[in-house]
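Participant: Kindly return the folded structure for what I paste below:
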Amino acid sequence: MDLLARLNEKIENLIKSYESLKEENEKLKIELQNTKQLLEEKDEKLLECEEQMALKELELEEVLSKIEAILGK
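Facilitator: Okay, here's the model as predicted:
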């Protein structure tokens, strides 16, 4: 009977450990999902900033061309 009690105790401990790991896994899945969403938002913002920077560069080139045209006259 002592052997059966020890076996039951080990099984209960394994079940508790499994449940704990299962819960931790779910938390990590949620954290990963949140991190992926944040990364997507950051990527979108970065793309927007790159587009704005490209437009500003074009504006600067136009201004520079106008200044060179004025100075060339």
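Participant: how deep is Ile15 tucked in, by neighbour count?
Facilitator: Ile15 has 10 neighbours, counted by other Cβ atoms under 10 Å. The C-beta positions use only the backbone N, C-alpha and C, and glycine is treated the same way.
Participant: Phi and psi next, for it.
Facilitator: With angles defined as degrees, to the nearest 10, Ile15 sits at phi -60, psi -40.
Participant: Quickly note the distance from it to Ala5.
Facilitator: 16 Å (Cβ to Cβ, to the nearest Å).
Participant: next one: Glu68
Facilitator: To Ala5, Glu68 is 93 Å away according to Cβ to Cβ.
Participant: One more: Gln33?
Facilitator: Using Cβ to Cβ, we find Gln33 at a distance of 42 Å from Ala5.
Participant: what about Lys10, how many neighbours?
Facilitator: Lys10 has 10 nearby residues by other Cβ under 10 Å.
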